[in-house]
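>>> My questions concern the predicted model and sequence given below.
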Amino acid sequence: MLAGLPAPLALRAAGRGGLAGGGLLAFGVLFAINSSWHSYLIVHYARADGVSMDVGFYYMANAMGRLAGTLLSGWVYQEYGLAACLWISSALVAASALMALALPREVRA
């Protein structure tokens, strides 16, 4: 669901030059829900004998991803505009969802 929201915003940005504040607000709300879901999942999938190590690695990787995303989005915005940022956002969120399908259904004890 999160991957589908930036695409209409990109179409609107490319076609009419403006964005609906409501669309960006909806994206922010879904992003916050998604972020809390990730926090739940990392604790759920963490090994019982190494929860702090697994959670620490997750937050380190998360910080590096945010840095890379900030740099990428800044460059894309300067070179190609807001619509391109939103299309790339949609593609990366969809790729993340596809990778999440590889997660095991059952957690080993």
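In hand now; what should we look at? Residues are numbered from 1 along each chain as shown.
>>> what residue lies at the spatial centre of this structure?
residue 93 (5.2 Å; CA atoms, centre = their mean).
>>> and the helix or strand encompassing residue 28, how far out from the chain's middle?
Element membership for residue 28, per DSSP states H and E: helix 21-45. Taking CA atoms, centre = their mean, to the nearest Å, the mean C-alpha location of helix 21-45 is offset from the chain mean by 8 Å.
>>> got the angle for the longest helix along the chain vs helix 21-45?
Criterion DSSP state H: the longest helix present in the chain is helix 51-80. Counting by axes from the mean of the first three to the mean of the last three CA atoms, to 10 degrees, helix 51-80 points 150 degrees away from the direction of helix 21-45.
>>> Name the residues of helix 51-80 that come out as buried.
Going by neighbour count (16 or more other CB atoms under 10 Å), the buried part of helix 51-80 is 58, 73, 76. For every residue, glycine as well, the C-beta is placed using N, CA and C.
>>> what is the mean pLDDT for the helix or strand following that helix?
Going down the chain from helix 51-80, the next helix or strand is helix 82-100, by DSSP H and E. Helix 82-100 carries an average pLDDT of 87.
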